[in-house]
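Novice: Below is the sequence, then the predicted model.
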Amino acid sequence: MSEFAGKVAVITGAGSGIGRALALELARRGARLALSDVDTAGLDETVRRARDLGAEVKADHLDVTQREAVLDYADAVAVHFGQVNQIYNNAGIAYHGEFERSEFKDIERIMDVDFWGVVNGTKAFLPHVVASGDGHIVNVSSLFGLLAIPGQSAYNSAKFAVRGFTEALRQEMLVARHPVKVTCVHPGGIKTAIARNAAVPAGDDQESFAQFFDRKLARTSPEDAARTIVEGVRRGRARVLIGADAKFLDAWVRVVGPSYQRVVAFVSGRFVPKG
């Protein structure tokens with residue numbers, strides 16, 4: 001069927017968006033799937049659709065911020081399938097709010113899910129992925145792990161951290177000569193519910209931001225994103241950029257350097273809805 005046939009792929013945040021699309025894309029390619037999410041109803045739908053495609057699926061409710069639960073989950077998946085080849089640390093949440101008006105708890109929540117969730121998943125599954133002899137770790141960062149933007153200091157922090165962590169991990173795997181490839185994924189605007197579910201500071205208009213994101217920024221479908229990720233994994237790429245926006249802005253930032261910040265601040269000040 002493909003080089004993914006028979007491989008065991010773990011996907012966190014599989015209940016919707018990119019996670020669901022990844023599950024279905026890998027199901028079509030013959031992978032065996034361990035799917036998890038905190039959204040039980042969404043996860044059930046993903047599982048149903050993956051099984052309709054003929055995939056073997058293990059489904060579990062999992063909060064990636066709960067470290068001991070993630071460690072236990074990794075062992076349970078390895079026992080269930082007998083091996084683990086790939087882990088897609090995809091679970092994530094969004095937050096939009098100026099740092100000055102944000103609470104510590106808002107920032108901590110983003111870091112717990114978007115950064116520590118990736119670290120927890122990687123740490124838990126790494127021994128199993130190494131033992132498979134043909135492993136791959138895929139960590140989802142963001143376009144906002146490549147450039148910063150006003151109102152995204154918390155999200156930027158988490159996604160820049162994922163990028164740094166993942167790039168260092170890739171190098172460590174090379175130095176150790178482990179049979180493990182590592183890929184960092186940077187989606188641009190994807191047509192998912194992440195902006196509609198984003199938290200904002202008390203009193204801010206969450207709906208205006210969500211509508212702005214959906215109408216102006218979300219250009220790529222989850223299905224296209226999943227195909228791009230899987231192709232990047234197949235080719236063993238260190239970095240996968242998703243969408244024309246991510247590719248353009250990544251190149252632009254590298255060309256203009258730190259001066260990009262004044263341009264982004266000006267554009268955001270004029271066009272991004274305020275709270």
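Specialist: Okay, I see it.
Novice: switch to C-alpha atoms for all contacts and neighbour counts from now on
Specialist: Fine.
Novice: From the rest of the structure, what touches the helix or strand where P127 lies?
Specialist: If you go by DSSP states H and E, P127 is part of helix 117-132. Residues from elsewhere that reach helix 117-132, judged by Cα atoms under 8 Å, 6 or more residues apart in numbering: 64-65, 67, 70-71, 74-75, 78, 83-87, 89-91, 135-137, 139, 162, 178-180.
Novice: of those residues, buried ones?
Specialist: Neighbour counting by 16 or more other Cα atoms under 10 Å classes 64-65, 67, 70-71, 74-75, 78, 83-87, 89-91, 135-137, 139, 162, 178, 180 among the contacts of helix 117-132 as buried.
Novice: lowest average confidence, helix or strand, in the chain?
Specialist: helix 206-212 (a mean of 56; mean pLDDT, DSSP states H and E).
Novice: Past that one, which element shows up next along the chain?
Specialist: Next in line after helix 206-212, if elements are assigned by DSSP H and E, sits helix 222-235.
Novice: Whichever helix or strand comes after that next one pairs with which strands, parallel or anti?
Specialist: Proceeding N to C from helix 222-235, the next assigned helix or strand is strand 239-242, under DSSP H and E. Applying DSSP bridges, strand 239-242 is found paired with strand 180-187 (parallel).
Novice: angle of the partner strand against helix 117-132?
Specialist: 150 degrees (axes from the mean of the first three to the mean of the last three Cα atoms, to 10 degrees).
Novice: Run through who's touching strand 180-187.
Specialist: 129-130, 133-146, 163, 166-167, 169-170, 173, 225, 229, 232-233, 236-243, 246.
Novice: got the buried residues for that strand?
Specialist: By neighbour count with 16+ other Cα under 10 Å, strand 180-187 contains the buried residues V180, K181, V182, T183, C184, V185, H186, P187.
Novice: Redo the residues you listed as CSV? Include pLDDT and distance to G17.
Specialist: Shown next, in CSV, are the buried residues of strand 180-187 (pLDDT from 0 to 100; distance: Cα to Cα, whole Å):
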residue, pLDDT, distance to G17
V180, 98, 26
K181, 98, 24
V182, 98, 22
T183, 98, 19
C184, 98, 18
V185, 98, 15
H186, 98, 15
P187, 96, 12
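Novice: Out of the residues you listed, which is nearest to A251?
Specialist: Of all the buried residues of strand 180-187, A251 sits closest to H186, with 13.0 Å by Cα to Cα.
Novice: Give the burial count for the nearest residue to the closest one once chain neighbours are set aside, as a bare number.
Specialist: Once flanking residues are discounted, H186 sits nearest to S142: 4.0 Å by Cα to Cα, 6 or more residues apart in numbering. Number of residues near S142 (other Cα atoms under 10 Å) recorded here: 25.
Novice: and S142, what does it touch?
Specialist: K159, V185, H186, P187, G188.
Novice: one more time with 10 Å, if that's ok
Specialist: 155-156, 158-160, 162-163, 184-189, 240-242, 246 (Cα atoms under 10 Å, 6 or more residues apart in numbering).
Novice: pLDDT score for it?
Specialist: S142 carries a pLDDT score of 96 in this model.
Novice: Now do the SS call for Y88.
Specialist: Following DSSP: H, G, I helix; E, B strand; the rest coil, we place Y88 in the strand state.
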